[in-house]
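Q: Show me the folded form of this:
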Amino acid sequence: MIQRSVLVTVFVGAFLLCSFTGQAITPEVTAGMAALKAAPKLTPLVKEIATVPAAVGQTLLIPLGLVETALSPLPGLTVAHGVKSFGNGLKGPFRLVGTCLKLPLTAVEVAAGAAGLVP
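A: Down below sits the predicted model:
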């Protein structure tokens with residue numbers, strides 16, 4: 001009888017102290033761990049996506065520059081500032097097209113880098 005109780009105590013103790021019983025490796029946990037590892041790799045893609053609204057906003061400087069140039073005889077507005085705004089606004093569409101062309105390539109690079117982290 002003593003041998004049986006000692007054997008049960010050893011088995012229960014081994015079961016409770018075993019390190020494998022506390023790990024819940026489910027598909028959800030694996031996906032969450034992979035997402036945490038891949039999150040720093042997404043920074044270039046997020047920067048490229050954030051460039052799109054900035055380029056659109058920069059494009060809006062074209063009409064602003066034209067209005068400032070046309071209203072330059074009024075006090076506080078100068079032709080030089082209007083031409084400068086117009087020139088900065090002309091860079092916007094080119095920046096937008098460049099970003100839109102680079103965006104798929106950046107997405108593929110990020111996806112390939114993140115796929116390497118998935119177990």
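
Q: neighbours around F11, how many?
A: 10 (other CB atoms under 10 Å). Where you see a C-beta, it was placed from the backbone N, CA and C, and this is true even at glycine.

Q: With A38 instead?
A: So A38, with other CB under 10 Å, has 17 neighbours.

Q: Look up which helix or strand it falls in, please.
A: Taking DSSP states H and E as the criterion, A38 maps to helix 27-38.

Q: Report the rounded mean pLDDT for that helix.
A: For helix 27-38, the mean per-residue pLDDT is 79.

Q: Equivalent analysis for stretch 88-101, please.
A: On average, stretch 88-101 scores 93.

Q: repeat for stretch 63-74
A: On average, stretch 63-74 scores 89.

Q: Buried residues, that stretch. List them.
A: 65, 68-69 (16 or more other CB atoms under 10 Å).

Q: swap in stretch 77-92?
A: Those would be 82, 85-86, 89, 92, for stretch 77-92 by 16+ other CB under 10 Å.

Q: So what's the gap between the helix holding A38 and the chain middle?
A: 16 Å (CA atoms, centre = their mean, to the nearest Å).

Q: list the helices and strands the helix or strand just after that helix packs on?
A: Using DSSP H and E, the helix or strand that follows helix 27-38 in sequence is helix 43-59. When contacts are defined as 3 or more CB pairs under 8 Å, 6 or more residues apart in numbering; DSSP states H and E, helix 43-59 sits against helix 79-115.

Q: what angle sits between the helix it packs on and helix 27-38?
A: Taking axes from the mean of the first three to the mean of the last three CA atoms, to 10 degrees, one finds helix 79-115 and helix 27-38 inclined to each other by 140 degrees.

Q: Many thanks, I have nothing further to ask.
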